[in-house]
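[1] Need a 3D model of the sequence below.
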Amino acid sequence: MSHSLPPRSERNSQAPDLPSPLQAALEKARIERIDWEAWEVLDETCRELDRPEEAAALYCEVLDPVDESKHLNATDLEELGRRAADFCEEWFDDPEPVVEVLTTVLKLDASQSWAFERLTVLLTVSSRFSDLLQVYDSALDAVASDDIDRKVALLEEAAKVARDFAGQPQKGTDYLRLLLEVRPRDDQLAATVEKRLLEEARHEQLIHVWTARLEVLSGENLQQARLSIAGANLQYRSDSGQALAVLEEYLKEAADPAPSIDLIEEMSVADHTPEEIRVRSLRHLEDLYGRLERFEPLVLVLRRLLNFVVAGDEADLVHEKVAALLCQLEREVDALPHLGELLLRRAQDEKLRSRVRDIATRHEKLDLYQGYLVQAARALAVGEGESLSPERLELQVDLFLEAARQAEAELGDRTQALELFSLVLSSESADESARLYAAQELSRLYRSDSSSLALLEILEQRVPLEEKDEQRAAVIREAAHLATELGQKERALQLW
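    Residues are numbered from 1 along each chain as shown. You can find the predicted model right below:
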């Protein structure tokens, strides 16, 4: 007759109206618990009556009693567990009661290896691979931390089951990852784990694997791992900060820094890179390209750096570096904008002005030089309030005058020359000799195109500025005659 074990909630080892021999045998086994002869009598009674259900229920009750004080020691647990498993295997076609008994034994004492082996075989034969993996997981949770051999064996078996039988390759890879933690120096295992994680596109776990192995790697293997970690952080996490931190460790020990350049370049332009990390990456590129004497990309890096370093001595230093590199690369024209930026803040540097002027002259770019002079002169007044200091005022006047001369003589721009000379003349704070010079130049320019009324106004402003009586008289005469020609008799009389 076929038998089946009822669900746990429906089992009853003390059912009413039991045959007397069975009731007596059950009671004896329940009371004595570890009297193996009592259990043998119970087994035989079940065979005689063809009734195993109540005995199976009792086996389960005694194995895992509600009262914890009645738990069996390891030896008795093994003996009773074996008897219970054999009993269920004998009576029930469904393997589930045996699985339940073995699972209970392992729950109570994970060191019962016989139960583990029998359970894994049973689940394997039944093709219950998901359940089998749960058994391995429980065993791994219970294994002692110092029992390395046991842990390794469990992980190897579980990895094989997961990948080859359970159709769970990712879980198989996870077991191998745990195995790698136990055997971190196993390069072949590491390569296998890395390959599988890449195939499974599990980049976060891959980064953790690489990072964990840094402690056991050295030399070229260590450096290659750092490059891999940096690249993965950048590509899969968009974490430029962590990528750069790893690359900085790489650079400390790199005999050849070149392999890191592409990664640093990538993070320096990535949209997700914070400004502070972008600047640090550009500084590293500046150093690397300089050491490798790769001057063209170095120029590009420095120019990008200027987007973040926009003022002060630091910006000036970058402009100086770019200008020097471009001149070294025979690209003097490209250097002019950087020299012009320097001129804005260091207009008092006559050597710098001479250098810019010479380059501009050689390449017929005096319009740029003249523009830099005007910008520098106007920049002197920025942030100075209502008036310039005497030194800055003198420098501003010199710059305006030189720019005016360049506009007329080199660029043929009479209009701008007139504007700049007029600025100097109208500046009451300017030195009188400078104002006189500006007035004299304005007089000359207005004479050349017969701008009589404008010339008259300039001549009138020149009169008090002329120091020599003879020259002052000549200016007065010229102005008076011009006023008469223009029909302005009263103005002429005032001059006389």
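[2] Now do the contacts for residue 401.
    Taking CB atoms under 8 Å, 6 or more residues apart in numbering, we find residue 401 in contact with 420-421, 424, 434, 437-438. All C-beta atoms are positioned from the backbone trio N, CA, C, and that covers glycine.
[3] Give me the helices and strands touching the worst-scoring helix or strand of the chain on mean pLDDT, please.
    Ranked by mean pLDDT, DSSP states H and E, the weakest helix or strand in the chain is helix 489-495, scoring a mean of 74. Judged by 3 or more CB pairs under 8 Å, 6 or more residues apart in numbering; DSSP states H and E, the packing partners of helix 489-495 are helix 469-485.
[4] C-alpha coordinates for the helix it packs on, PDB please?
    Extracted as PDB, the C-alpha positions of helix 469-485 are listed here (Å, rounded to 0.1, in the frame of the first residue of the first chain):
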ATOM      1  CA  ASP A 469      56.700 132.100 -24.400                       C
ATOM      2  CA  GLU A 470      57.800 132.000 -28.000                       C
ATOM      3  CA  GLN A 471      56.000 128.800 -28.700                       C
ATOM      4  CA  ARG A 472      52.900 130.000 -26.900                       C
ATOM      5  CA  ALA A 473      52.900 133.200 -29.000                       C
ATOM      6  CA  ALA A 474      53.100 131.200 -32.200                       C
ATOM      7  CA  VAL A 475      50.100 129.000 -31.100                       C
ATOM      8  CA  ILE A 476      48.100 132.100 -30.200                       C
ATOM      9  CA  ARG A 477      48.900 133.700 -33.600                       C
ATOM     10  CA  GLU A 478      47.900 130.600 -35.500                       C
ATOM     11  CA  ALA A 479      44.700 130.300 -33.500                       C
ATOM     12  CA  ALA A 480      43.800 133.900 -34.000                       C
ATOM     13  CA  HIS A 481      44.300 133.800 -37.700                       C
ATOM     14  CA  LEU A 482      42.300 130.600 -37.900                       C
ATOM     15  CA  ALA A 483      39.400 132.200 -36.000                       C
ATOM     16  CA  THR A 484      39.500 135.200 -38.300                       C
ATOM     17  CA  GLU A 485      39.300 132.900 -41.300                       C
END
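[5] For it, which residues meet the burial criterion?
    By 16 or more other CB atoms under 10 Å, the buried positions in helix 469-485 come out as 475-476, 478-480, 482-483.
[6] Mind giving me the packing neighbours of that helix?
    Secondary-structure packing of helix 469-485 (3+ CB pairs under 8 Å, 6+ apart): helix 452-462, helix 489-495.
[7] neighbouring contacts of it?
    Residues contacting helix 469-485 (CB under 8 Å, 6+ apart): 452, 455-456, 459-460, 462-463, 466, 489, 491-492, 495-496.
[8] try 7 Å this time
    452, 455-456, 459-460, 462-463, 466, 491-492, 495-496 (CB atoms under 7 Å, 6 or more residues apart in numbering).
[9] Those residues into CSV, with extra columns for distance to residue 91?
    As requested, these are exported to CSV (distance: CB to CB, whole Å):
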residue, distance to residue 91
452, 133
455, 130
456, 133
459, 133
460, 132
462, 131
463, 134
466, 134
491, 137
492, 142
495, 139
496, 145
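[10] Buried ones among those residues?
    455-456, 459-460, 462, 466, 491-492, 495.
[11] so where do the helices sit in the stretch 201-350 of the chain?
    Taking DSSP state H, counting those that start in this stretch as the criterion, the stretch 201-350 of the chain carries its helices at 203-213, 219-232, 240-253, 261-269, 275-291, 295-305, 312-328, 332-345, 350-362.
[12] can you redo those as CSV with distance to residue 47 and mean neighbour count?
    Listed next are those as CSV, based on distance: least, CB to CB, whole Å; neighbours: other CB atoms under 10 Å:
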stretch, distance to residue 47, mean neighbour count
helix 203-213, 55, 18
helix 219-232, 65, 18
helix 240-253, 69, 19
helix 261-269, 75, 19
helix 275-291, 78, 18
helix 295-305, 89, 18
helix 312-328, 95, 17
helix 332-345, 102, 20
helix 350-362, 112, 15
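[13] For residue 145, find the nearest of those helices.
    Closest to residue 145 of the helices of the stretch 201-350 of the chain is helix 203-213 (CB to CB; 17.4 Å).
[14] Looking at that closest one now, give me its mean pLDDT.
    Average pLDDT, helix 203-213: 96.
[15] Outside of it itself, list whatever touches it.
    177, 180-181, 184, 190, 193-194, 197-198, 225, 228-229, 232-233, 236.
[16] What of stretch 271-291?
    238, 240-241, 244, 257, 261, 264-265, 267-268, 297-298, 301-302, 304-305, 308.
[17] what about residue 72, how many neighbours?
    20 (other CB atoms under 10 Å).
[18] Please apply the same query to residue 7.
    Residue 7 is flanked by 7 other residues according to other CB under 10 Å.
[19] if I look at it, how far off is residue 68?
    24 Å (CB to CB, to the nearest Å).
[20] before we move on, back to that, with distance to residue 50 as extra columns, can I get the buried ones among the contacts of helix 469-485 in TSV?
    Below are the buried ones among the contacts of helix 469-485 laid out as TSV (distance: CB to CB, whole Å):
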residue	distance to residue 50
455	139
456	141
459	141
460	140
462	139
466	142
491	145
492	150
495	147
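[21] Look up how far residue 366 lies from residue 358.
    Computed as CB to CB, the residue 358 to residue 366 distance reads 11 Å.
[22] re earlier: can you flag which of the contacts of residue 401 belong to helices?
    Members of the contacts of residue 401 lying in helices (criterion: DSSP state H): 420-421, 424, 434, 437-438.
[23] Now do the least confident helix or strand of the chain: everything it contacts.
    For helix 489-495, contacts defined as CB under 7 Å, 6+ apart pick out 476, 479-480, 483-484.
[24] Among those, which one lies nearest to residue 40?
    Nearest to residue 40 among the contacts of helix 489-495, counting by CB to CB, is residue 479 at 143.5 Å.
[25] ok, for that closest one, nearest residue in space, not its chain neighbours?
    Spatially, and ignoring its direct neighbours in sequence, residue 479 is nearest to residue 459 (3.8 Å; CB to CB, 6 or more residues apart in numbering).
[26] Same question for residue 76.
    Sequence neighbours aside, residue 34 is the residue nearest to residue 76 in space, at 4.8 Å (criterion: CB to CB, 6+ apart).
[27] does that neighbour sit in a helix, a strand or a coil?
    Three-state call for residue 34 (DSSP: H, G, I helix; E, B strand; the rest coil): coil.
[28] So what's the residue count around it?
    Neighbour count for residue 34, taken as other CB under 10 Å: 15.
[29] One more: residue 55?
    For residue 55, using other CB under 10 Å, the count is 23.
[30] With neighbour count, pLDDT and distance to residue 395 as extra columns, can I get the ones in helices among the contacts of residue 401 in TSV?
    Output for these, formatted as TSV (neighbours: other CB atoms under 10 Å; pLDDT from 0 to 100; distance: CB to CB, whole Å):
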residue	neighbour count	pLDDT	distance to residue 395
420	27	95	15
421	28	94	17
424	24	93	12
434	19	93	11
437	18	94	16
438	27	92	16
